[in-house]
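K.L.:
Kindly generate the corresponding structure for this input.
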Amino acid sequence: MGRRAGLNGFGQRCAFGVQGFSLGDLGIDLHLKFFNEAERLDENALPGWMQTPEMRRAMNTLKAFSEKEHAYYAYQARQDFLREQQSIQLEFEDLRAEVEQARAAEDEARAAQERERVAKEEALAENERLKRLLADKSESSGTGTP
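P.N.:
Numbers count the residues shown, from 1 in each chain. The predicted model follows:
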C-alpha cells in the first residue's frame, strides 16, 4: 500500500511516508498568495499563477463580493440622501407653518384694529346723534316757552 499525506485539523502538513510533499501540492500556497495579493490584481491582466479555473472562480467570487459591497454603499448613500431630503422638507414645512401663523396673527390684529376703528366711529356717530337730539330738544323747549 502507498503512503498518504494530508492536513490535520490545524492546517498543518501531516505526511504519511511521502517525501517531498508540501502544502503547495494542494494549492494552499496559491490560495494564500491570492488572498494576500487580490487587492492589487488587475482582472484584465492576471498573472500566470492566476490562470487556472479555480483561481478564476476565486477572482469572480471576490468580484461578486466587491460588487455587493459597492451596491450596499450605494444603497446606504441613497438612504442617507432620502433622510436628509426628508429633514429638509420637514424643516421647510415647519418654516412655512410659522410664516402662515405670523400672517394669520397679523391679519387678526388688523381685523381687530378695524373692528375697534368701526366701533369708535359708530360711538362717535351715536354721540353726535345724541348731541343733535339734545340740541333739537333744547331748541324746541326754548322756543315753545313764552
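K.L.:
what ranges do the strands span in this structure?
P.N.:
Per DSSP state E, the chain carries strands over the ranges 4-7, 13-16.
K.L.:
From Gln51, how far out is the residue nearest the centre of the chain?
P.N.:
For the chain, Arg83 is the residue whose C-alpha lies nearest the centre (C-alpha atoms, centre = their mean; 1.7 Å). Relative to Gln51, Arg83 is positioned 46 Å away (C-beta to C-beta, to the nearest Å). No exception for glycine: its C-beta is placed from N, CA and C like everyone else's.
K.L.:
pLDDT below threshold where in the protein?
P.N.:
1-28, 142-146 (pLDDT under 70).
K.L.:
ok, which stretches of it are helices?
P.N.:
Secondary structure of the chain by DSSP state H: the helices cover 28-37, 53-143.
K.L.:
Which of those has the highest mean neighbour count?
P.N.:
Of those, the one with the most neighbours on average (mean count of other C-beta atoms under 10 Å) is helix 28-37, at a mean of 14.
K.L.:
gap between that one and the chain center?
P.N.:
Counting by C-alpha atoms, centre = their mean, to the nearest Å, helix 28-37 is centred 41 Å from the centre of its parent chain.
K.L.:
which other helices and strands contact that helix?
P.N.:
With contacts taken as 3 or more C-beta pairs under 8 Å, 6 or more residues apart in numbering; DSSP states H and E, helix 28-37 sits against helix 53-143.
K.L.:
what's the angle between the helix it packs on and helix 28-37?
P.N.:
Computed with axes from the mean of the first three to the mean of the last three C-alpha atoms, to 10 degrees, the direction of helix 53-143 lies at 30 degrees from that of helix 28-37.
K.L.:
For helix 53-143, which helices and strands make contact with it?
P.N.:
Looks like helix 53-143 contacts helix 28-37 (3+ C-beta pairs under 8 Å, 6+ apart).
K.L.:
Much appreciated, bye for now.
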